[in-house]
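# any chance you could fold what I've pasted below:
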Amino acid sequence: MILSDKTIKELILSKKLIVESEYWIDDILSNIACASLDIRLGNWFKFFPNNKNKILNIDNLELEEKYIPDWENLVLQPGDFVLWATKEKFWIPEDIVARVEWRSSIWRLGILIHVTAWFIDPWFWLNQPSTITLEIKNINTVPVALKVGSRVCQLALEKMDQPAEVPYNKKPSAKYNWQIKPEISKIHQDPDKNLDQSKI
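Residues are numbered from 1 along each chain as shown. Next comes the predicted model:
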């Protein structure tokens with residue numbers, strides 16, 4: 001069941017769902033739509049080196065990092081792909097899952113937001129609210145400017161039938177706890193990495 005604007009507001013005000021921002025709580029509450037919460041671009045992003053001769057090695061990823069002040073633009077060239085942290089920090093309770101969805105106004109610019117990893121587990125970042133890393137790609141034929149602090153996507157929330165038996169913070173494969181800046185892929189930390197492949 002997708003939660004309504006009224007329920008989202010009640011969860012935030014009761015601190016069952018924690019949403020922290022540099023802006024006032026009134027700003028967070030004003031960004032609640034009928035069935036979602038709009039979220040903003042933060043100040044930190046990471047990008048891959050522009051070197052077509054360099055092979056991407058998942059065991060040793062090297063990304064460049066940059067800080068952009070509030071309300072300044074980052075221009076994405078056609079084909080550019082970046083990892084970008086949200087302005088807000090979140091703590092998701094044990095009986096709710098969240099989905100990061102595109103805003104149609106941004107999609108119509110040819111900008112893909114949170115390309116694949118849209119699902120947020122319950123007890124995401126227990127005890128320390130943290131940002132969500134957005135995967136952003138420009139599929140337009142022209143450069144597009146994105147402004148830090150702008151609302152680029154939305155968080156939809158769904159109620160589970162019961163609290164998770166093994167929430168995110170207890171999963172053996174949980175790798176993205178307590179992030180503030182955008183996090184690179186940590187696939188090299190997957191639990192099956194050290195398994196005897198001959199037995200699989």
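
# right, and G149 touches D70 too?
Yes. Counting by CB atoms under 8 Å, G149 touches D70, with 4.9 Å between them. C-beta coordinates here come from the backbone N, C-alpha and C atoms, glycine included.

# pLDDT averaged over the longest helix seen in the chain, what's the number?
With DSSP state H setting the assignment, residue counts place helix 5-13 as the longest helix in the chain. The pLDDT scores in helix 5-13 average 98.

# export that helix as PDB, just CAs?
Extracted C-alpha coordinates of helix 5-13, given in PDB (Å, rounded to 0.1, in the frame of the first residue of the first chain):
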ATOM      1  CA  ASP A   5       0.500  12.800   1.800                       C
ATOM      2  CA  LYS A   6      -1.300  12.900   5.100                       C
ATOM      3  CA  THR A   7       0.400   9.700   6.300                       C
ATOM      4  CA  ILE A   8       3.800  10.800   5.100                       C
ATOM      5  CA  LYS A   9       3.400  14.100   7.000                       C
ATOM      6  CA  GLU A  10       2.400  12.200  10.200                       C
ATOM      7  CA  LEU A  11       5.400   9.900  10.000                       C
ATOM      8  CA  ILE A  12       7.800  12.800   9.600                       C
ATOM      9  CA  LEU A  13       6.300  14.900  12.400                       C
END
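
# return the helix or strand in this protein with minimum mean pLDDT.
The weakest-scoring helix or strand in the chain, judged by mean pLDDT, DSSP states H and E, is strand 119-120 (a mean of 84).

# rewinding a little: what's the longest helix of the chain in contact with?
3, 17-19, 25, 28-29, 32-37, 93, 96, 157 (CB atoms under 8 Å, 6 or more residues apart in numbering).
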